[in-house]
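A structural model of the following input is requested.
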Amino acid sequence: MDEPDIDDMDELGRHLGVVYWRLTLACRSLPVPVELPRGTVTRSTGEPAVRRLVKIIEDQPMPEEQKANLFAACIHWLTASELYNQELNDPLPIRFHQIVAALVHAEAPLHALGVWLRENEATDDQE
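Numbers count the residues shown, from 1 in each chain. Presented below is the predicted three-dimensional model:
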């Protein structure tokens, strides 16, 4: 595996932001909506907000599977964010791949949650 370069890290930073943005959209659609910081999100705003979200997931009135999906997406995003910041300060070739893996693992449960939220929203609209 090649060592990542600056462009790779820039792209990875954008991917981290896209996954966070998807998380904010999902949170707005939760049965009890949650607002995460928007706009330019820094480590000092995004990570604490997602940590707080993890603490209140159990309070969401939704199936356990969807709570688990939200929890997994949050935990994997936090892992990616923390590793990304470590990589910026102390580059290690393997860490880049760890970040990519964490983001991939955040996306799958986030997608599953999004499908459930859309289906649930459609059901609510029909009532």
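
For the least confident helix or strand in the chain by mean pLDDT, which helices and strands make contact with it?
The helix or strand of the chain with the poorest confidence is helix 93-126; it has a mean of 90 (mean pLDDT, DSSP states H and E). Under the contact criterion of 3 or more CB pairs under 8 Å, 6 or more residues apart in numbering; DSSP states H and E, the helices and strands touching helix 93-126 comprise helix 6-28, helix 64-89. Yep, even glycine has a C-beta here, placed from its N, CA and C like the rest.

Tell me where the chain is predicted with low confidence.
Applying pLDDT under 70 to the chain flags residues 1-6, 122-127.

how about 80 then?
Along the chain, segments meeting pLDDT under 80 span 1-6, 39-42, 122-127.

I figured R43 was touching N85, is that so?
Yes. Under the criterion of CB atoms under 8 Å, R43 is in contact with N85, at a separation of 5.5 Å.

Between these two, tell me which one has more neighbours.
For R43 against N85, the residue with the higher neighbour count under other CB atoms under 10 Å is N85, and the figures read 15 against 12.

Let me see the contact set for the more buried one.
With contact taken as CB atoms under 8 Å, 6 or more residues apart in numbering, N85 is in contact with R43.
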